[in-house]
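1. Got a sequence here, can you build the structure:
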Amino acid sequence: MTTDLAIVLALLAAAIAMFAANRPRMDVVAILTLVALPLTGIISVEDALAGFSDPNIILIAALFVLGEALVRSGVAQRTGDLLVRHSGASDTRLIVLLMAAVAGMGAFMSSTGVVAIFIPIVLRITANIGAAPGRLMMPLSAAALISGMMTLVATAPNLVLDSLLRREGYQGFGFFDFTPFGLPILLLGIGYMLFARRWLADKGPAAANRGPRLADWIDKYGLAKREFRLCLGAQSTLVGKRLDQLDLRGAAGINILGIERSTPFGRRLILPKADTLLQADDVLFLDVFGKAMDIEEFCRQHGLRRLPISGAYFTDQAQEIGMAEMIVPPGSPLVGSSIAKSRFRSVHGLAIVGLRRDNLPVGDVDAQTVLRGGDVLLTVGPWDRIRQSRHSHDLVVLALPGEMDEVLKAPFRTIPALAVLTLVVVMMITGVVPNVLAALIGCLLMGLFGCVDMPSAYRSIHWQSLVLIVGMLPFSLALEKTGGVELAAEALRGTIGDANLRIALAVIFVTTVVLGLFISNTATAVLMGPVALTLATDMGASPYPFAMTVALAASAAFLTPVSSPVNTLVMGPGGYRFWDFTRIGLPLVAIVLVVAVGLVPVIFPFHPG
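-> Purely as a prediction, here's the structure:
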């Protein structure tokens with residue numbers, strides 16, 4: 001062993017120790033190595049900083065932006081809603097659909113981002129069915145890690161191995177080259193989780209400690225059966241009238257909460273204002289308060305048609321219409337004024353649909369109800385006006401519903417986001433442009449269609465991951481220059497002896513998984529990739545099965561909560577202990593090992609003809 005190699009190995013050991021202790025942060029450790037290696041004289045400053053010019057670094061950053069666009073436009077949330085709708089009360093169906101949805105989304109966006117999206121969805125599901133969150137959190141993290149085995153862009157280690165192959169003069173991996181392994185692993189993983197769920201049934205905090213939901217307020221204030229959807233016919237007497245001319249609140253006890261109207265981009269919900277002109281084919285969302293009225297007679301008088309309602313008190317419109325409980329402070333100008341005279345709707349942009357006084361509901365609330373200090377108002381209106389009301393001097397926001405956190409940042413952009421994602425995938429599959437250009441084109445189109453804006457795009461990039469990759473890349477170069485890669489390959493070659501090539505794949509897999517216990521899966525891929533390729537050359541085999549095995553092993557980070565950010569995210573909400581991951585994860589690692597050793601040489605032969 002040369003002096004230079006001893007220095008590199010000492011720096012590598014120090015980096016691994018800091019990674020394992022998580023002191024300091026991983027990206028800080030990467031920067032320390034980035035500075036230390038050129039100071040030794042083993043590699044140049046240019047070599048140390050070469051990672052910043054690697055196209056895959058830009059590609060990874062662009063994929064974060066694309067994932068953020070999918071979140072803001074509602075693609076991710078609607079996937080979760082479909083999951084809830086179709087799973088019903090079946091525990092088996094719930095786990096199957098959850099893992100399939102997470103793996104499918106994770107194939108095209110950051111697995112960490114997917115888990116962050118699905119944690120509140122899982123918490124909502126478990127709260128609704130009265131189950132502990134730990135019942136679903138482990139299947140969630142397992143599916144997110146398996147998603148890294150689905151496509152080329154699913155996780156950073158895949159791109160690291162692809163970049164290494166190209167640097168060595170090989171063709172690199174195709175977009176779906178990982179899918180033949182990811183799909184059977186996903187199916188086996190789902191089957192295993194259905195078996196292992198009995199060990200997770202009591203994990204996690206009680207689901208009862210949750211904030212108010214819209215459904216809670218609908219029940220608390222007795223809003224059921226007060227909601228109506230009415231469509232204006234062409235001959236309706238309301239067509240062409242301004243809302244302030246009609247005075248429906250004062251005359252008939254009607255609050256118009258929203259108006260659904262046709263636009264060039266489809267039907268949209270617009271917010272009612274005093275000067276809003278009603279048009280033919282408008283659909284009115286009404287709350288009828290105060291004394292009971294004959295809604296059928298109202299429809300006959302004004303040429304309206306009653307439509308069915310799909311969500312209790314318009315909860316299906318919760319992306320546009322929200323609720324909030326507000327209290328009238330004693331010194332507020334609202335005290336002593338009726339709802340009509342206070343011009344509450346005009347000033348605050350919200351409608352009062354419920355009132356509690358002395359902690360008791362007030363039944364007959366109408367436009368003439370006089371407000372008192374301490375009254376608790378249930379208000380309905382657009383989310384932006386609810387947010388603005390938090391800064392009002394006339395009201396104090398008492399409670400906000402959980403649905404507020406689920407409101408999309410870019411509503412009505414689901415179809416453009418899906419179209420852009422499809423275009424990016426097609427460009428990557430066909431190779432019409434390099435992958436990095438395809439992703440950057442996708443980012444520009446997402447911005448053009450309003451699916452993401454510049455501030456959110458920059459915030460979405462996980463800079464810590466990028467710095468980690470860039471900082472660890474010089475290690476592989478330093479190990480190559482000092483003979484460390486050849487030494488590691490020889491050590492593995494000695495361990496394998498005269499065993500067949502499948503045994504070599506198993507040794508590479510196990511070594512990668514063990515190394516991944518101490519450092520991130522991305523750093524593991526950076527270090528093990530060159531070793532695997534050198535071993536393949538020494539054994540006279542194709543580099544592809546060895547590189548693919550490293551990629552699969554790097555994603556098989558099931559064993560500890562620190563092996564991947566995915567596991568770290570679910571540890572708290574799931575109520576897991578450190579060894580829960582080892583106990584549940586070890587069979588999953590074995591499943592991936594069997595698939596890798598058995599299937600990889602079939603898809604990527606050791607000696608292609």
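2. mind giving me the domain ranges of the protein?
-> Using automatic domain parsing, the domains assigned to the chain come out as 64-208+411-462, 214-400.
3. Looking at the ones you listed, which one is packed in the most?
-> domain 64-208+411-462 (a mean of 20; mean count of other Cβ atoms under 10 Å). For every residue, glycine as well, the C-beta is placed using N, CA and C.
4. measure it end to end?
-> 7 Å (Cα to Cα, to the nearest Å).
5. pLDDT of it, averaged?
-> Domain 64-208+411-462 carries an average pLDDT of 84.
6. and what of stretch 598-609?
-> The model assigns stretch 598-609 a mean pLDDT of 90.
7. And the contacts of that stretch?
-> Identification of contacts with stretch 598-609 by Cβ atoms under 8 Å, 6 or more residues apart in numbering yields 177, 180-181, 184, 501-502, 505, 540-542, 544-545, 548-549, 552.
8. Sheet partners, orientation included, of the longest strand seen in the chain?
-> When the chain is parsed with DSSP state E, its longest strand is strand 254-263. Strand pairing for strand 254-263, determined by DSSP bridges: strand 266-270 (antiparallel), strand 283-288 (antiparallel).
9. next one: that strand to chain centre, how far?
-> Computed by Cα atoms, centre = their mean, to the nearest Å, the chain-centroid distance of strand 254-263 equals 31 Å.
10. again, but for stretch 240-250
-> Worked out by Cα atoms, centre = their mean, stretch 240-250 lies 43 Å from the chain centre.
11. what sits against Arg385?
-> Counting by Cβ under 8 Å, 6+ apart, Arg385 has contacts 348-350.
12. pLDDT at the closest residue to Ile519 other than its chain neighbours, what is it?
-> Closest residue in space to Ile519, ignoring its immediate chain neighbours: Phe19 at 4.3 Å, by Cβ to Cβ, 6 or more residues apart in numbering. At Phe19, the model reports a pLDDT of 72.
13. same check, this time on Val29
-> pLDDT, read off for Val29, is 86.
14. and it, what does it touch?
-> Counted by Cβ under 8 Å, 6+ apart, Val29 has contacts 15, 18-19, 471.
15. which parts of the helix or strand containing it are buried?
-> Using DSSP states H and E, the element containing Val29 is helix 26-40. By 16 or more other Cβ atoms under 10 Å, the buried positions in helix 26-40 come out as 26-27, 29-34, 36-38.
16. was I right about Arg25 contacting Trp463?
-> No. The criterion here is Cβ atoms under 8 Å, and Arg25 misses it with Trp463 at 11.3 Å.
17. sorry, back to before: need the contact partners of the longest strand of the chain.
-> 243, 248-249, 267-272, 276, 278-279, 281-289, 293, 314, 317, 320-321, 351-353, 380-381.
18. Give the rounded mean pLDDT of that strand.
-> 84.
19. would you turn the domains of the chain into JSON lines with distance to Glu46?
-> JSON lines is the format used below for the domains of the chain (distance: least, Cβ to Cβ, whole Å):
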{"stretch": "domain 64-208+411-462", "distance to Glu46": "15"}
{"stretch": "domain 214-400", "distance to Glu46": "50"}
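20. Please name the nearest non-neighbouring residue to Thr179.
-> Closest to Thr179 by Cβ to Cβ, 6+ apart is Met150, at 5.8 Å.
21. For Ala457, give its distance to Cys451.
-> 10 Å (Cβ to Cβ, to the nearest Å).
22. SS state for Leu355?
-> Judged by DSSP: H, G, I helix; E, B strand; the rest coil, the three-state class of Leu355 is strand.
23. wait, it sits on Pro361?
-> Yes. Applying Cβ under 8 Å, one finds Leu355 in contact with Pro361, separated by 7.3 Å.
24. Give me the below-cutoff pLDDT ranges for the stretch 501-609 of the chain.
-> 518, 562, 609 (pLDDT under 70).
25. residue ranges for the helices of it, please.
-> Taking DSSP state H, counting those that start in this stretch as the criterion, the stretch 501-609 of the chain carries its helices at 501-515, 521-538, 543-555, 565-574, 578-603.
26. Single out the most deeply packed of those.
-> helix 543-555 (a mean of 28).
27. now the helices of the stretch 501-609 of the chain in CSV, with distance to Arg167?
-> Output for the helices of the stretch 501-609 of the chain, formatted as CSV (distance: least, Cβ to Cβ, whole Å):
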stretch, distance to Arg167
helix 501-515, 19
helix 521-538, 10
helix 543-555, 12
helix 565-574, 27
helix 578-603, 21
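28. wait, which of the ones you listed is closest to Gly106?
-> helix 565-574 (9.1 Å; Cβ to Cβ).
29. could you check the angle helix 543-555 makes with the closest one?
-> Orientation check (axes from the mean of the first three to the mean of the last three Cα atoms, to 10 degrees): helix 565-574 against helix 543-555 gives 20 degrees.
30. which residues sit against helix 565-574?
-> Taking Cβ under 8 Å, 6+ apart as the rule, helix 565-574 contacts 111-112, 115-116, 119, 122-123, 133-134, 137-138, 140-141, 144-145, 200, 203-205, 557-558, 560-562, 576, 581.
31. and if we set it to 6 Å?
-> 111-112, 115, 119, 133-134, 137, 141, 144-145, 203-204, 561, 581 (Cβ atoms under 6 Å, 6 or more residues apart in numbering).
32. and which of the residues you listed is nearest Leu304?
-> Ile119 (43.4 Å).
33. Skipping adjacent residues, who's closest to the closest one in space?
-> Pro573 (5.7 Å).
34. again, but for Val510
-> Leu593 (7.4 Å).
35. same deal with Met326?
-> Per Cβ to Cβ, 6+ apart, closest to Met326 is Leu395, 4.5 Å.
36. Now do the contacts for Gly328.
-> Gly isn't right for residue 328; it's Val. 334, 371, 373, 375.
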